[in-house]
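Test case, fold it:
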Amino acid sequence: MSTLKRVTSPMKQQNETPTKKLKISTNDIKPIDIDGFSSTEFDDFFDGHDDFEAIINSKNVLIPQDKRLDLSKWQRCIVLEVERERSTFDLMLQVRLANTEQVEDFDKENNNALTKCRLQQQWSHTDVKRDDIISLICVWDEKLQCYKVNNEHGFCVTNPDTLISSTSVVGSLFCRRKAVLQERFKGIDANSKIMVVGSMVHEMLQLVLQKNLRNAKGIEATAKELLHSKETAYELYANLMTRDELDFELQKFIPNVISFVEQYIKGNPATVHIKDTFQGTIEHIQDIEENVWVPQLGLKGKVDVSVRIKQRKHEKATNAIPLELKTGRATFSMEHKGQVMLYQMMLTAIGRETNSSLLLYLREGIMRELRGTRNEQRDLIMLRNDLARYISCHSDTTAASTTTTTIEEDNKFLQPLKLPEPISHHSACGNCEYATVCCTFAKTDAELNLRKGHPLLTVMQNVTEHLQTDVYKYFMHWCRLLALEEQEVKKSNNLRALWTNTPEQRKKMGLAIVDVQLQNVDCEGTHYLNTFVLEATDDNKDADLLLSGFSIGEYVIISTRKRLAVAAGSIVDMTSAEITVSLERDLKQNYANVAFIIDKHESQSGNAFNFTNVSLLLDNNERAKKIA
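All right, here's what the predicted structure looks like:
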């Protein structure tokens, strides 16, 4: 039987990504080009069993106001019905709160969790099906008598329980395939001298701001201290770098760090005015490496520095805004701007209204204040949804037999992972750290048919010529097993309980220690030992932390009643009334006199570690040949 081929579309062949097509006005929307789709992909729309008259009539059925879910604020919903309106192409959803009991009809008690929502314009192409969990914020349309999400208002976030880092989202602007592979095979690109230098420069600037250093002598001393630290020695050893090499690179940035402090901290005018640079000053360092988890948006991230700024023409300082540091050339690319725009959205979603952000290119000493537009925010969330679709889903063949993997000749195998199509860019693909893994999946995918002359074919020949059939088979076999294991782990994953269950519910489940106060913080190297004690309440009168189900060495997440996951670390000591957690930050600085919740966290990094180890068998070296 011949296998259906998936052919890359002309858009992909010209190295244009779908995300670029999002930036169009409503009036410019044209019919979808279906040349790159198979006919089976439209079965859901043109199935002979579909009753379009029923759909048209059903849109006029109104849900009483007292039985309607309020979608004017963020809600985590489960999709009960999905219909496509023929005349407008709107996607019509009926949803209820995801954490309520199943609602079967309007006469059932406590059934005010139902409502209808229309996804219009570009949102109408959102991949949503029945029983999906989505996160919604909409506007009410009085004429349509339903909520709606369109180009101007609202958001629809799919797979919101899959928290994707902001760097992964903007990284997929150029190549979605690489972004997905980075989530699965973490660490392949870790050994990079450029990354080591960038990491050290980040840490140097953060230490300067944290210690409030104002003179060149103090800044240079901090750089020297960082250079000779134990943690730096580990990084140098892992990346085959010498201390002199790193010192040479750091010295290039020290003058610009001094200039940054002079201009933006001390408020001295710049010696040279650069067009469009930020003209205000930094009044206060609010936080460093601020951890932000936002389930409403399905995003997570770490803000380099959170600062309060003051414009020269205004007297009052603003709310804390994100400052993102880059050590490369000052390109102000969409990838870099998109990252700080996502931070703006994330901070606003957790209740800290943020209208702008700072993007600093330290190598050239250029910093600008950026403001995100509605169109950019919409496109970034759509990009995030697309990435989440691939990260959350496995290939339909994953559940197939794990022993019979070959489906036809020429080393074609059932694919264990669902991946976006490759881009068409010879130099980028040839220099990509994920080229071998990417080309291995592409070469063994029976449904992927690259056009003649596609640049990846040349790269594929170069990076896979040493691989034999047995290696392909072994690699695919273990990727399939790991994918199956990952699916099972996700079923019992308690991470979503952080935002779907109350602290008291998590405590009853044995997943949380509730209402502990920060008693003391001790600095130990680059980490802080945060000691918590139980609050003196009636509920905690007879409590014993040694019987809580937590143990030394366990990885935990620290939250407050108002803020999710402010820090994470490992338990280093426990008594019946105290628990000490090693964290990368001193919580006393921003969370003094706050009640904390400590939650267990089942790390998902183990499976990524296994995927990465299996991928090392594809390397072209003697060790890989011996093991494979």
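
So which residues of the stretch 51-200 of the chain form helices?
The residue ranges that make up the helices of the stretch 51-200 of the chain, judged by DSSP state H, counting those that start in this stretch, are 52-58, 166-171, 176-184, 193-210.

For the shortest one, which outside residues touch it?
What that stands for is helix 166-171. Residues from elsewhere that reach helix 166-171 (Cβ atoms under 8 Å, 6 or more residues apart in numbering): 178-179, 182-183, 299-301, 334-336, 338-339, 342-343, 346, 380, 383-384, 387. Using the backbone N, CA and C atoms, a C-beta is placed for each residue, glycine as well.

which SS class is residue 384?
When states are read from DSSP: H, G, I helix; E, B strand; the rest coil, the local structure at residue 384 comes out as helix.

Verify the contact between it and residue 298 for me.
Yes - because the distance of 6.3 Å satisfies Cβ atoms under 8 Å, residue 384 is recorded as touching residue 298.

what is in contact with the two at once?
By Cβ under 8 Å, 6+ apart, the residues touching both residue 384 and residue 298 are 157, 164.

For the stretch 351-500 of the chain, which segments are assigned as strands?
With DSSP state E, counting those that start in this stretch applied, the stretch 351-500 of the chain shows strands at 357-361, 366-370, 406-408, 412-413, 448-449, listed in chain order.

how about those, which one is nearest residue 204?
Shortest distance between residue 204 and these, using Cβ to Cβ, is found for strand 357-361: 13.2 Å.

That closest one packs against which elements?
If contacts are counted by 3 or more Cβ pairs under 8 Å, 6 or more residues apart in numbering; DSSP states H and E, strand 357-361 sits against strand 321-326, helix 334-349, strand 366-370.

any residues touching that strand, and which ones?
With Cβ under 8 Å, 6+ apart as the criterion, strand 357-361 contacts 260, 278, 307, 309, 321-330, 332, 336-337, 340-341, 343-344, 366-370, 372.

ok, back up a step: for the helices and strands packed on strand 357-361, which one ends up most surrounded?
Burial among these, expressed as mean neighbours by mean count of other Cβ atoms under 10 Å, is greatest for strand 321-326, which shows a mean of 24.

pLDDT averaged over that strand - what is it?
Over the span of strand 321-326, the pLDDT mean works out to 96.

about what we covered before: want to throw the strands of the stretch 351-500 of the chain into TSV with mean pLDDT and distance to residue 599?
Supplementary listing: those in TSV, determined by pLDDT from 0 to 100; distance: least, Cβ to Cβ, whole Å:
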stretch	mean pLDDT	distance to residue 599
strand 357-361	97	29
strand 366-370	95	34
strand 406-408	52	43
strand 412-413	86	40
strand 448-449	90	41
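
any chance of these in a markdown table, plus distance to residue 585?
Formatted as a markdown table, the strands of the stretch 351-500 of the chain follow (distance: least, Cβ to Cβ, whole Å):
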| stretch | distance to residue 585 |
| --- | --- |
| strand 357-361 | 21 |
| strand 366-370 | 24 |
| strand 406-408 | 50 |
| strand 412-413 | 45 |
| strand 448-449 | 45 |
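
and the longest helix for the chain?
The single longest helix within the chain, with elements called by DSSP state H, is helix 469-491.

what packs against that helix?
Right, helix 469-491 is packed against strand 412-413, helix 435-444, helix 605-615 by 3+ Cβ pairs under 8 Å, 6+ apart.

ok, now with 10 Å
With contacts defined as 3 or more Cβ pairs under 10 Å, 6 or more residues apart in numbering; DSSP states H and E, the secondary structure elements packing on helix 469-491 are helix 176-184, strand 406-408, strand 412-413, helix 435-444, helix 605-615, helix 622-627.

Select from those the stretch with the lowest mean pLDDT.
The stretch with the lowest mean pLDDT among the helices and strands packed on helix 469-491 is strand 406-408, which comes in at a mean of 52.

Can you name the residues that contact the nearest residue to residue 563 once chain neighbours are set aside?
Spatially, and ignoring its direct neighbours in sequence, residue 563 is nearest to residue 350 (6.7 Å; Cβ to Cβ, 6 or more residues apart in numbering). With contacts defined as Cβ atoms under 10 Å, 6 or more residues apart in numbering, the neighbours of residue 350 are 292, 293, 294, 296, 297, 562, 563, 564.

Distance check, the residue nearest to the fourth one when sequence neighbours are not counted against residue 378.
Nearest residue to residue 296, sequence neighbours excluded (Cβ to Cβ, 6+ apart): residue 74, at 4.3 Å. Summarising the geometry, the distance separating residue 74 from residue 378, computed by Cβ to Cβ, to the nearest Å, is 16 Å.

Same check on residue 295?
Shown here: residue 295 relative to residue 378, a distance of 19 Å by Cβ to Cβ.

Repeat that for residue 294.
Residue 294 sits 16 Å away from residue 378 when distances are taken as Cβ to Cβ.

Those two: which is more packed in?
Here residue 294 and residue 378 are compared on neighbour count by other Cβ atoms under 10 Å; more neighbours surround residue 294, at 25 against 22.

so that one touches residue 352, yeah?
No - the pair residue 294 / residue 352 is not scored as a contact, 11.1 Å apart, by Cβ atoms under 10 Å.

Just give me the neighbour total for residue 129.
9.

Sketch out the low-pLDDT regions of the stretch 201-350 of the chain for me.
By pLDDT under 70, the weakly predicted segments of the stretch 201-350 of the chain are 312-317.

And the strands in the stretch 151-300 of the chain?
Ranges of strands in the stretch 151-300 of the chain, per DSSP E, counting those that start in this stretch, are 155-158, 164-165, 281-294, 299-310.

What average pLDDT does the first one get?
Per-residue pLDDT values over strand 155-158 give a mean of 98.

who's in contact with it?
For strand 155-158, the external contacting residues (Cβ under 10 Å, 6+ apart) are 74, 76-77, 79, 91, 93, 117, 119, 123, 126-129, 132-138, 149, 294-299, 345, 349, 377-378, 381-382, 384-386, 388-389, 392.

Got a PyMOL select line for the buried ones in those?
Here the buried members of the contacts of strand 155-158 are turned into a PyMOL selection, burial being counted by 16 or more other Cβ atoms under 10 Å:
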select buried, resi 74+76+77+79+91+93+117+119+123+126+128+132+133+134+135+136+137+138+149+294+295+296+297+298+299+345+349+377+378+381+382+384+385+386+388+389
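
Phi and psi next, for residue 215.
Here is the backbone geometry of residue 215 (degrees, to the nearest 10): phi -130, psi 160.

Would you mind measuring from it to residue 262?
10 Å.

Kindly report the same for residue 429.
For residue 429, the distance to residue 262 (Cβ to Cβ) stands at 43 Å.

and these two? which has more neighbours close in?
When residue 429 and residue 262 are compared for neighbours, residue 429 comes out ahead with 24 against 17, by other Cβ under 10 Å.

show me what contacts residue 159?
127, 132-135, 298, 384-385, 387-389, 391-393.

what two of those are the furthest from one another?
Using Cβ to Cβ, these reach their maximum pairwise distance at 135 and 393, which is 17.6 Å.

So residue 504 lies in a helix, does it not?
Yes - for residue 504, which was evaluated using three-state DSSP, the result is membership in a helix.

For the closest residue in space to it that isn't next to it in sequence, which residues are in contact?
By the measure of Cβ to Cβ, 6+ apart, the closest residue to residue 504 outside its immediate chain neighbours is residue 514, 6.5 Å from it. With contact taken as Cβ under 10 Å, 6+ apart, residue 514 is in contact with 502-504, 506-508, 534-535, 537, 539-540, 543, 561, 595-599.

Next: residue 242.
For residue 242, the contacting residues are 236, 248, by Cβ under 10 Å, 6+ apart.
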